[in-house]
Structure formats: C-alpha cells, structure tokens
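> Sequence first, predicted model second:
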Amino acid sequence: MNAKKRKYKFNWLDHLYFMGKGSWRVPLRAWPTPFEAFGWSVVGVPLTFLIPFVAKSLLTGFICIACLIAASFGWEWLVRKYRFTLQREKAYFRRYPDRKQYSIKRLFWIPVAMLLTAFVIWGFLIIYIFR
C-alpha cells in the first residue's frame with residue numbers, strides 16, 4: 001500500500017509562524033516570535049488603546065482587561081491545535097529547509113519593529129479620532 005502524502009499550501013501566516021521555529025540558535029522564549037508580534041499588533045494593541053475610551057465604568061474596564069488577558073494566554077493553544085500541527089511543521093521544513101536557520105539579530109528586530117510600528121500607528125489613530 002502506498003501512503004499518500006498530504007499536500008499543504010503555505011501562506012504568509014505559515015511563514016511568520018514557522019520563522020525560527022527549528023533554529024538551534026534562538027533561545028526558546030527569549031522574545032515574542034514574529035507571529036505573536038503580528039497577533040499583538042493587529043488585536044492586542046488596538047484593544048489596549050480602546051479600553052480607556054470604550055469602558056463606561058471601572059467594572060467594564062476590568063472586564064475588558066480580563067478578556068484581553070484571557071485571549072492573550074488562550075490563543076496559542078487554539079492555533080496550535082487547529083492550524084499549526086506537528087505534521088504541518090514537518091512538511092513546511094521539508095519544503096523550505098533553508099528557512100530553519102535564522103540569525104538571532106534578524107529574528108530579534110522583526111517583532112520589535114512590528115510592535116513599535118503598531119503602537120505608533122494605533123496611537124496616532126486614537127489621538128486623531130478622540131481629539
């Protein structure tokens with residue numbers, strides 16, 4: 001019997017998620033991965049800026065902050081379970097073996113630049129909207 005290999009189509013989210021995953025040079029939780037930085041710049045930073053303006057009372061603000069904290073701790077489990085499985089990771093590194101090794105300098109500045117850019121953009125938007 002021939003086992004049929006599953007074909008995966010990789011998009012830019014896959015490239016962000018697997019960036020530096022297989023690298024022996026990168027310490028495991030030294031800083032956020034580019035995928036985590038993208039998630040925070042799209043979801044976390046806007047919610048952080050909007051909570052003081054949207055919350056009508058102190059209790060509503062605390063509920064919004066609790067939801068933000070729960071989402072920040074729970075998203076990784078859901079993403080790993082349903083999207084980025086071990087089989088998908090193996091298939092990715094079989095197709096792109098050169099992307100397994102990234103330099104530490106390059107992997108450090110990508111998330112930092114993404115988060116700083118998001119803070120600046122969303123900060124200017126919030127100031128412009130609510131002035």
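Received, thanks.

> CA atoms for contacts and neighbours, from now on please.
Noted.

> For the nearest residue to residue 10 once chain neighbours are set aside, pull up the helix or strand it's in.
Residue nearest to residue 10 in three dimensions, not counting chain neighbours: residue 92, with 7.7 Å by C-alpha to C-alpha, 6 or more residues apart in numbering. Following DSSP states H and E, the helix or strand that holds residue 92 is helix 86-95.

> sorry, back to before: let's see the pLDDT reported for the residue nearest to residue 10.
Looking at residue 92, its pLDDT reads 85.

> One more: residue 23?
Reading off the model, residue 23 has pLDDT 56.

> lowest average confidence, helix or strand, in this protein?
The helix or strand of the chain with the lowest confidence, counting by mean pLDDT, DSSP states H and E, is helix 45-54 at a mean of 77.

> Which helix or strand lies directly C-terminal to that one?
helix 58-82.

> how about the spatially closest residue to residue 91 that is not a sequence neighbour, phi and psi?
Across the structure, with C-alpha to C-alpha, 6+ apart as the measure, the residue nearest residue 91 apart from its sequence neighbours is residue 8 (7.5 Å). As for residue 8, its main-chain torsions (degrees, to the nearest 10) stand at phi -110, psi 140.

> Wait, residue 8 touches residue 88, no?
Yes. Distance between residue 8 and residue 88: 7.3 Å, which falls inside the contact criterion (C-alpha atoms under 8 Å).

> Give me the more crowded residue out of these two.
For residue 8 versus residue 88, the count of surrounding residues by other C-alpha atoms under 10 Å is larger for residue 88: 17 against 11.

> check contacts around that one.
Applying C-alpha atoms under 8 Å, 6 or more residues apart in numbering to residue 88 gives the contacts residue 8.

> so the most centrally placed residue in the chain, which of the three states?
The residue lying closest to the centre of the chain (C-alpha atoms, centre = their mean) is residue 36, at 2.1 Å. Three-state assignment for residue 36 (DSSP: H, G, I helix; E, B strand; the rest coil): helix.

> Relative to residue 43, how far out is it?
Using C-alpha to C-alpha, to the nearest Å, one gets 10 Å for the distance from residue 36 to residue 43.

> Repeat that for residue 126.
As defined by C-alpha to C-alpha, residue 126 lies at a distance of 15 Å from residue 43.

> Okay then, goodbye and thanks.
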